[in-house]
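sequence first, predicted coordinates after that:
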Amino acid sequence: MVIAIDGPAGSGKSTIAEMLAKQLTLDNGGRFVYINSGNLYRALTLACVQHEVDIQDEKAVASLARSADIEYQNGAVYLNGADVSAQLRGDNIDRAVSKVSANIPARHVINALIRKIAANNNAVVEGRDMTTVVFPDAEARFYLDASAESRARRRFEQGVSKLGIEEIQKSIEERDSMDKNKPEGSLKIADNVIYIDSSHLTIKQVYEKLEKIIRLKG
Ligand code: DC
């Protein structure tokens, strides 16, 4: 079974997807892998940094995507054999990942990798184009939304950003615009997807909504 979740940055989809994968694994006595597709784009961006590949050079990025050895094991991301999970959230990666993830041939490589991981497992996958491009026929497809204001407030309350709430909201809106305007794999609400607006819901409430729907689908 594949459960696909898309939504904008900060909508809580990573937290929800990870919780679902853990609970469904316990309940079913079978493995549900959690796949955070954004982390695979981040690993490719890290590979660009390590190999000093200019991210504006589309051919070089595409070629690196084909040659880099990116693996996903138990929620950790490996780049050329090394666990790089802790290096994927740095400012340098944040700045470059939108450009790298807009590279169409690189997207095809990452999409193939995601499908390969999911082929041998039950999976909860999340990102921007899981319900539209990568798994349009997934058994359960969700779009998890939240207003830019509520996402900015959540981020501000986490206390991890040095920015003020208005600056955080501005950067969220810029990211939304980039995600929605990619030539391929852009963020959009797919037909027949289950749409949930989490602006006024807690993580627990969102989780319970998804879990109930998944159980109904068997
Ligand atoms: O979810 P995230 O912020 O970690 O994603 C990192 C970047 O990758 C972000 O620019 C959106 C992009 N991305 C994408 O283009 N397609 C996906 N399926 C997942 C993420």
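In hand now; what should we look at?

pLDDT below threshold where in this protein?
Low-confidence regions of the chain, defined here as pLDDT under 70, do not occur.

residues in a beta bridge with the residue positioned nearest the centre of it, which ones?
Geometric centre of the chain, nearest residue: Gly127, 3.0 Å, by Cα atoms, centre = their mean. Beta-bridge pairing for Gly127 (DSSP bridges): Asp6.

surely it and Asn39 touch.
No. Between Gly127 and Asn39 there is no contact under Cβ atoms under 8 Å: 9.3 Å. Using the backbone N, CA and C atoms, a C-beta is placed for each residue, glycine as well.

what residues does this structure put near the ligand?
Contact residues (Cβ under 6 Å from any ligand atom) of the chain with the ligand: 9, 37-38, 41-42, 97-98, 101, 127-129, 179, 185.

quick one on the thing from earlier: who touches the residue nearest to the centre of the chain in this structure?
Asp6, Asn36, Ser37, Gly38, Val134 (Cβ atoms under 8 Å, 6 or more residues apart in numbering).

what segments of this structure are helices?
Remark: helices assigned in the chain by DSSP state H are 13-28, 37-50, 58-67, 91-101, 104-119, 148-158, 165-180, 203-216.

quick revisit: look up how far Asn111 lies from the residue nearest to the centre of the chain.
To Asn111, Gly127 is 10 Å away according to Cβ to Cβ, to the nearest Å.

what of Leu216?
29 Å.

so how far is Ser198 from Lys170?
21 Å.

which one of these two is surrounded by more residues?
Taking neighbours as other Cβ atoms under 10 Å, Lys170 and Ser198 compare with Ser198 leading, 23 against 14.

my read: that one touches Gly12, true?
Yes. With contact defined as Cβ under 8 Å, Ser198 counts as touching Gly12 (5.7 Å).

mutual contacts of those two, please.
Leu144, Ala146, Val206.

rewinding a little: Serialize the contacts of Gly127 to CSV and add fields for neighbour count.
Shown next, in CSV, are the contacts of Gly127 (neighbours: other Cβ atoms under 10 Å):
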residue, neighbour count
Asp6, 29
Asn36, 21
Ser37, 25
Gly38, 17
Val134, 24
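
can you put those residues in JSON lines and add distance to Gly81?
JSON lines is the format used below for the contacts of Gly127 (distance: Cβ to Cβ, whole Å):
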{"residue": "Asp6", "distance to Gly81": "30"}
{"residue": "Asn36", "distance to Gly81": "20"}
{"residue": "Ser37", "distance to Gly81": "21"}
{"residue": "Gly38", "distance to Gly81": "22"}
{"residue": "Val134", "distance to Gly81": "25"}
